[in-house]
Each structure stands twice: as C-alpha cells, then as structure tokens.
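Undergrad: missing the sequence, but the structure's below:
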DNA sequence: TAATTACGGAACTAATAGTTTCGATACTGC
DNA sequence: GCAGTATCGAAACTATTAGTTCCGTAATTA
C-alpha cells in the first residue's frame, strides 16, 4: 500500500477544490451548460485559471467532477419482493436524474461520449454502480424463489432505467408523474421476468 | 395557401444544399461530433461559409438539418396484435438510432436542449411523430378489443422507446442484441397493458 | 437594363479553451 | 534557518473557431 506521503512543495488547498466545484454547479444552474466558461468559474470561485487546470485536464473533466460530486451511492434496496426492489431502484435513479436540468445532463453525456478517458470514468462510476445494484436485486429474487435463474442484468438495466431516462431527458416530462411511471415500469418488468 | 413564388434575384442552388448536407454527414462520421468545424464543412462541400450561414442561423441547425435529412417517416405498423405492433415500433426506432454513432446523437441532443428553437423543431419532428404512431397502435388495440381503454401514450412512449435509447446511447450496447431487447420490451409492455 | 439575390473566396471580429509567466506563499528535507 | 519545490491569484498570451462582412461574378425577375 502506497502511504499518502506528503509531497514536497506547497500542498493543494482543499478549499480551492471546493470553491471550483461550487462555482461550477452554481453557474451551471444559473446560466446553463452551453454558457459555462472556465473564466467565469475561476472568477466566481475567486481562483486563478491555473488552479483549475492544475486539477483538471479539460473543462469537461472539471464539469464532470463537479457534477458527480454530490451523487451519493445508494445501496441495493431490500423491500421484500422483486417488484418493490425494482421500483425502489427505478425511483432512486429518477430522483438522481431529476436533480439536474436536462440541458446539463445532455451536455455532460455529450462530453462523456466525446472523450475516451471521461467515457471510461463515467462507465466505471455510474453504469457499473447501477449494474451492481440490479444484479444484487436479481440475485435476491433468485434466492427468494421468485426467479428460477437470474436474467441478463444489462437487459433488465435498460428496461428499468431507460424509461425514466427517456421521460426526463427526451420527453422532458413532468417530474410529478415520475412515481406513476416508475410504478408502471416496475410492474411491467417484474411481471415479465417472473412470467 | 402561399404560392411558392419565385423571389427576385438569383435562386438558391439546391446542389449547394445537398453538398452541405453530405459534407456534414461525411465529416461527422469521419471525425466525430466534437471535431466538426464549419470551415471544414465548407471546404469539403466546395462552398463558401456565407452559403452555409445564408441557410442556417447556427452550426447546430446545420447539423440538425443534415442529420434529420435521411430519417424517413415510418407509418404506424399493423401487425395484427398489440404485441407485434409494439415490437415493430420499437424495432423501427432502434434501427433509426443505430444508424448514427453515439457521440453524434449525444451532440445532437445536447444542441437540441441548449437552444429553444431547435428544441421546438426536434419535438415537432421526432417526438410528435413517434407519439402519433404509438397513439395509432394503441387505438387499434382498443378497436380489436385487446384494451378496454387507451392508456396514456406518453407513458407508453417512455416505456417502449426508453430501453432502446438507453441501450444504444448510455450502455453503448451491442447492436446485435437489439432484437432480443425489443422483443422483451414489447412482451413486457403489452402484457402490462392488457393485464 | 436595373434591381436583387446567390455564388466562392477571403479577410475580419469576438469569444473562449488552454498555456505561460509573475511575485508571493506554504510546505519538506537538510 | 535555508534550499528546493509546488502551490496560490492574477494577468498576459496563443490558437481555434463560430459567425460576419465584403469582394467580384453569375443568375434571376420586372
């Protein structure tokens, strides 16, 4: 294990990290994704641009880091049945997606798919995290005897998350109707799997 | 009806329209969304930049027009049952989405959600077109007696299209498994609606 | 013929991502 | 304490690129 040895020279100021992330999130909310400039972030954070580029290679990585920052990991739910576990997973994802405005999410996704390094980080962070939750829920359903064998998690992932995603990002649908959607999706998918 | 009267002055050359659209699609495929520049499009098309900006207000509108260009409208399927109609709709959407690489679709979606005018055009073109197809399919299912009443088309839209969308754009899943996914989605949604 | 609009081409403007340099500051190791 | 190194905010700088303007020329209507 490499011990976290203090390198020579002045250490990074963690308040600067925080100021950059906060300024990024504020400006993203205030002015939208397309109008976010690095100079504006630096000015709002009261920080030099060099401090930003010492931490991030590109503007995109800065935004990614700032956006990812407050998305905490949700443990796999155990609501007693596949049906309710799926609904909980679906609702959690919906709630997380609903936090950010659509234009920010679209900008983020475009960045992620335009840069190999970011794409890998995105997959490792979000996709695998969600995948693990779904696999756990499915494995529990097998243990309970609700399912004979665990189905393909990737397919279930798409069927479960896709509708919420599409509702919020493409249809820009009403957030208030999200519970209605997640309930129907969970119904539909669990019925289909147990049939 | 406003007759298509020939305005005074030299008319637009439709070959120029075509050259711009072709060059845009070529460069999008060759170099990716993020590296597409207007100068490169003009050079490839053998056209002045003024000719491009005479037709489009922004680079984003140019790309949108070029991308939309070859997406033909698919009439609502009538395969004899709700189950098969839904699968046909799902498969058609999947085939259309699979034509473009994910980075182009993400770039396009980010543009669309960053510009009010483009957003309206996108909704009017794609969302309403898909919505109409789904509404038609659902209405036919009611006529057949498969459904007592037509369910909310927006919810069905999300449940049907979302998984395909998510599979291709977020999971960047294998195109070869698309039929497997669409079959299961159609199964699941039709069973859920007729239950 | 006169007016108008399009054409390719090239020069131009403005915004912005990213780099570099500055003098000052905060650490480690000797 | 002192040398070395990496940080800090600030500002100047470079390079790219979206979008504009102007040129001389060509195509169309009235």
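TA: Ah, there it is. The structure displayed is predicted, hence computed values, not measured ones.
Undergrad: Find the residue at the geometric middle of chain A.
TA: Of all residues in chain A, the one closest to the mean position by C-alpha atoms, centre = their mean is residue A:126, 5.3 Å from it.
Undergrad: quick one, domains of chain A?
TA: As assigned by automatic domain parsing, chain A contains the domains A:14-66, A:68-194.
Undergrad: low-scoring pLDDT stretches of chain A, where are they?
TA: Applying pLDDT under 70 to chain A flags residues A:1-5.
Undergrad: and the residue of it found nearest DNA strand D, how many neighbours does it have?
TA: Nearest residue of chain A to DNA strand D (C-beta to the nearest atom of the strand) works out as residue A:9 at 1.9 Å. Quick note: C-beta positions are derived from backbone N, CA and C, even for glycine. By other C-beta atoms under 10 Å in any protein chain shown, 6 other residues sit near residue A:9.
Undergrad: next one: phi and psi at residue A:69?
TA: phi -40, psi -50 (degrees, to the nearest 10).
Undergrad: Look at the residue nearest to the centre of chain A and tell me its secondary structure.
TA: Using DSSP: H, G, I helix; E, B strand; the rest coil, the structure places residue A:126 in helix.
Undergrad: re the thing from before, the domains of chain A: which one's closest to residue B:158?
TA: With C-beta to C-beta as the criterion, residue B:158 lies closest to domain A:68-194 of the domains of chain A, at 4.3 Å.
Undergrad: what about the closest one and DNA strand C, touching?
TA: No. Counting by C-beta under 7 Å from any atom of the strand, DNA strand C has no neighbours in domain A:68-194; the shortest distance is 9.4 Å.
Undergrad: mind checking the end-to-end distance for that domain?
TA: Counting by C-alpha to C-alpha, to the nearest Å, you get 35 Å between the two ends of domain A:68-194.
Undergrad: how about that domain, does it reach DNA strand D?
TA: No. Domain A:68-194 is not in contact with DNA strand D by C-beta under 7 Å from any atom of the strand; minimum separation 12.7 Å.
Undergrad: Off-centre distance for that domain?
TA: 10 Å (C-alpha atoms, centre = their mean, to the nearest Å).
Undergrad: returning to that earlier point: quick check: the residue of chain A closest to DNA strand D vs chain B, distance?
TA: Taking C-beta to the nearest C-beta, to the nearest Å as the measure, residue A:9 falls 35 Å from chain B.
Undergrad: again with residue A:122
TA: According to C-beta to the nearest C-beta, residue A:122 stands 9 Å off from chain B.
Undergrad: Now do the same contact list for the spatially closest residue to that residue that is not a sequence neighbour.
TA: The shortest distance from residue A:122 to any non-neighbouring residue, by C-beta to C-beta, 6 or more residues apart in numbering or on different chains, is to residue A:112 (4.4 Å). Residues in contact with residue A:112 (C-beta atoms under 8 Å, 6 or more residues apart in numbering or on different chains) are A:64, A:118-119, A:122, B:106.
Undergrad: can you pick the most crowded of those?
TA: Among the contacts of residue A:112, residue B:106 has the most neighbours (other C-beta under 10 Å), with 24 neighbours.
Undergrad: what's that one in contact with, if anything?
TA: Shown in contact with residue B:106 (C-beta under 8 Å, 6+ apart): A:106, A:109-110, A:112-114, B:33, B:169.
Undergrad: Equivalent analysis for residue A:129, please.
TA: The contact partners of residue A:129, taken as C-beta under 8 Å, 6+ apart, are residue A:73.
Undergrad: looking at it, residue A:94 is touching residue A:182, isn't it?
TA: Yes. At 5.8 Å, residue A:94 counts as touching residue A:182 under the criterion of C-beta atoms under 8 Å.
Undergrad: Compare these two (neighbour count), which wins?
TA: Using other C-beta under 10 Å, the more surrounded residue of residue A:94 and residue A:182 is residue A:182, with 24 against 21.
Undergrad: what about the helix or strand encompassing that one and chain B, touching?
TA: When secondary structure is defined by DSSP states H and E, residue A:182 falls within helix A:178-194. Yes. Helix A:178-194 is in contact with chain B by C-beta under 8 Å from any C-beta of the partner chain, via A:180-181, A:184-185, A:187-189, A:191-192.
Undergrad: Run the angle between that helix and helix B:178-194 for me.
TA: 110 degrees (axes from the mean of the first three to the mean of the last three C-alpha atoms, to 10 degrees).
Undergrad: What are the buried residues along helix A:178-194?
TA: A:178, A:181-182, A:184-193 (16 or more other C-beta atoms under 10 Å in any protein chain shown).
Undergrad: One more: stretch A:143-154?
TA: Within stretch A:143-154, the residues that count as buried by 16+ other C-beta under 10 Å are A:146-147, A:150-151, A:153-154.
Undergrad: Which of those fall in helices?
TA: Among the buried residues of stretch A:143-154, the residues falling in helices (DSSP state H) are A:153-154.
Undergrad: Next, format the buried residues of stretch A:143-154 as JSON lines and append distance to residue B:59.
TA: Formatted as JSON lines, those follow (distance: C-beta to C-beta, whole Å):
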{"residue": "A:146", "distance to residue B:59": "52"}
{"residue": "A:147", "distance to residue B:59": "50"}
{"residue": "A:150", "distance to residue B:59": "47"}
{"residue": "A:151", "distance to residue B:59": "44"}
{"residue": "A:153", "distance to residue B:59": "39"}
{"residue": "A:154", "distance to residue B:59": "35"}
